[in-house]
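Novice: When you get a sec, could you give me coordinates for this:
(one chain, ligands or ions: 1)
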Amino acid sequence: MEKQEKRGKFSSSLGFILAATGSAVGLGNLWKFPYIAGQSGGAVFLIIYIIFVFLLGVPIMIGEMAIGRKTKLNPIGAYKTLNKKYTFIGVIGVVGAFVILSYYSVIGGWVLKYITAYITGNNITDSTNYYQSFISSSIEPILWHFIFMAATCFIVLKGVSAGIEKFSKVLLPALFIIIIVIAVRSMTFEGAAAGIKYFLVPNWSDIDSLPKLGKVVVAAMGQVFFSLSLGMGTMITYGSYLKKGSNIQKSAVLVPIFDTIFAILAGLAILPAVFAFGFEPSAGPGLLFETLPKVFSSMPFGIVFGLMFFVLVFFAAITSSVSLLEVVTSFCIDNLKMKRKTAAILISIIMALIGILAALSFGVLQDVKIFGSTIFDSMTFLSDKVIMPIGGMLMCIFVGHIWGVDNIALEISNGGVIPFKWKNLFSIIMKYIAPALIMIIFISSLFA
Ligand code: PHE
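Specialist: Residues are numbered from 1 along each chain as shown. Model (predicted):
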């Protein structure tokens, strides 16, 4: 009989916080956040986003980390252990990880393609053409997606402390340094002030009707779940590798704060430059790959900044994709008794294959529509607007009404050692506020 793998562990609290921040900070901050802010009213979006980070993000993160540390298992195993009837919540999470990583890795592949362009001295002067012809081609996006997936697999193969934790420790500080350099450069362009103002000074008159406000609220909530890696068990999985004595409350506050600071820096790195060079902030998903290269090609040392920027995006993306792969890998190790190596490689291959459909959604498969959206858009809709909010909502209901706030409070406070001062507030949020709010926003998103 095969020997059961020894369960991984983060070597320190700092290591855990960095890995969890690494999971949170990713394409969500650099690719999605600036373009969603650019499409959804800039500063108004930012304010609503920050409110949701604290109202929903922090409590849900505490809940997930506590479930993980308590059970020391992947999401499916965790719910099964706490209450067999609710195993399905964990299943939603593992399915979510599959969906997200399959398309996430496609965008990760695009990033690799841009890195090689800048390395080879290509200034991408005709970025619209470059972007469009690249994403609509058949072979290249798939190849880069495979390479990105292989890199993710490589880190996960090494295990929790020697892989995930070690890489996060190096890449995360590097990320913060690079984004600050780029933000400073972006904000000092002539004409950058308009972008800074757009991003930081709310213009409430833009949001003059309920449907408009509804759109911003829906976008902000989806973005909170995506950006904080919540609602599908990533933080349960990472929490399961935490040592018993660690301080969950501190981690669950620090990770969202770091992630939000990073998102704001990303906004400041991108939007002022976009305004300064006279481009539209509402360019959508192409903002990073089409608009930004235009900015780089029209500034001095553009190739250097372009290269630095896309390397940054790659670092951010890989520490997130690793956390997605780890969710499914840990399930295979814990429940299916697989070896880490077998599990990680097998899942990577399956995800790589599913991702092909996402990769081709911009080209040969662009006319294949599911309810009017391309395969890629359907996958992002399913993950950000359905799986993560619903998974998060079910987690709150489970903690609030099934497992019980008293039980989880014992885990959160390490048996009373670290006082859980805001237990009552946490209880109200878990039981009523979060489920109701998520439900209302979810239903309205279906009509938005
Ligand atoms: N939070 C990551 C990002 O912002 C994406 C992610 C979502 C990672 C869900 C894990 C789980 O890019």
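
Novice: all contacts plus neighbour counts: C-alpha atoms, from now on.
Specialist: Noted.

Novice: what sits against S227?
Specialist: S227 is in contact with A24, V25, G26, G28, N29, D259, counting by Cα atoms under 8 Å, 6 or more residues apart in numbering.

Novice: hmm, which two among the residues you listed are most spread apart?
Specialist: G28 and D259 (9.9 Å; Cα to Cα).

Novice: Okay, helices next: where are they in the stretch 251-400 of the chain?
Specialist: Using DSSP state H, counting those that start in this stretch, the helices found in the stretch 251-400 of the chain span residues 286, 292-297, 302-334, 340-359, 375-380, 388-397.

Novice: Rebuild those as CSV, extending it with mean neighbour count, distance to K70 and mean pLDDT.
Specialist: Shown next, in CSV, are the helices of the stretch 251-400 of the chain (neighbours: other Cα atoms under 10 Å; distance: least, Cα to Cα, whole Å; pLDDT from 0 to 100):
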stretch, mean neighbour count, distance to K70, mean pLDDT
helix 286, 16, 42, 85
helix 292-297, 23, 44, 88
helix 302-334, 24, 15, 94
helix 340-359, 21, 22, 97
helix 375-380, 20, 31, 93
helix 388-397, 24, 15, 96
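
Novice: Reformat those helices into CSV and put distance to the ligand next to each item.
Specialist: Listed next are those as CSV, based on distance: least, Cα to the nearest ligand atom, whole Å:
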stretch, distance to the ligand
helix 286, 16
helix 292-297, 18
helix 302-334, 5
helix 340-359, 15
helix 375-380, 11
helix 388-397, 8
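
Novice: and of these, who's closest to A193?
Specialist: So among these, helix 292-297 is nearest, using Cα to Cα, at 15.7 Å.

Novice: Which other helices and strands does the closest one contact?
Specialist: Secondary-structure packing of helix 292-297 (3 or more Cα pairs under 8 Å, 6 or more residues apart in numbering; DSSP states H and E): helix 248-276, helix 302-334.

Novice: quick one, the last one and helix 248-276 angle?
Specialist: Read it as helix 302-334. 150 degrees (axes from the mean of the first three to the mean of the last three Cα atoms, to 10 degrees).

Novice: Report the contact partners of S282.
Specialist: Here S282 is in contact with Y35, I36, G38, Q39 (Cα under 8 Å, 6+ apart).

Novice: G284 is in contact with the second one, correct?
Specialist: Yes: I36 is in contact with G284 according to Cα atoms under 8 Å; the separation is 7.0 Å.

Novice: These two: who's more crowded?
Specialist: I36 (24 against 18; other Cα atoms under 10 Å).

Novice: what's the more buried one in contact with, if anything?
Specialist: Taking Cα under 8 Å, 6+ apart as the test, what I36 contacts is A219, S282, G284.

Novice: Point to the helix or strand of the protein where mean pLDDT is at its lowest.
Specialist: Lowest on mean pLDDT, DSSP states H and E among the helices and strands of the chain sits helix 286, with a mean of 85.

Novice: by contact count, what packs against it?
Specialist: Checking 3+ Cα pairs under 8 Å, 6+ apart, helix 286 ends up next to no helix or strand.

Novice: ok, and what's touching that helix?
Specialist: Under Cα under 8 Å, 6+ apart, the answer for helix 286 is an empty list.

Novice: hmm, 10 Å instead?
Specialist: Helix 286 is contacted from outside by W31, K32, Y35, T128, Y131, Q132, L292, using Cα atoms under 10 Å, 6 or more residues apart in numbering.

Novice: likewise stretch 169-185?
Specialist: Residues contacting stretch 169-185 (Cα under 10 Å, 6+ apart): 14-19, 21-22, 25, 30, 168, 186, 192, 258, 261-273, 305-306, 308-309, 311-316, 318-319.

Novice: One more: stretch 274-281?
Specialist: In contact with stretch 274-281 (Cα under 10 Å, 6+ apart) are residues 34-42, 186-196, 198-199, 270-273, 287, 291-292, 294-296, 298-299.

Novice: picking that back up, will you turn the contacts of I36 into TSV that also has pLDDT and distance to L360?
Specialist: TSV is the format used below for the contacts of I36 (pLDDT from 0 to 100; distance: Cα to Cα, whole Å):
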residue	pLDDT	distance to L360
A219	88	25
S282	84	24
G284	79	19
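
Novice: count of residues packed around K85?
Specialist: Neighbour tally, K85, other Cα under 10 Å: 10.

Novice: now do P173
Specialist: Neighbours around P173, by other Cα under 10 Å: 12.

Novice: what is the orientation angle of the helix or strand containing it with helix 248-276?
Specialist: If you go by DSSP states H and E, P173 is part of helix 166-187. For helix 166-187 against helix 248-276, the angle by the same axes, to 10 degrees is 40 degrees.

Novice: Other residues contacting whatever helix or strand comes next after helix 166-187?
Specialist: Per DSSP H and E, the first helix or strand lying C-terminal to helix 166-187 is helix 193-200. By Cα under 10 Å, 6+ apart, the residues outside helix 193-200 that reach it are 34, 37-38, 41-47, 186-187, 201, 203, 264, 267-276, 281.

Novice: Right, I'll leave it there.
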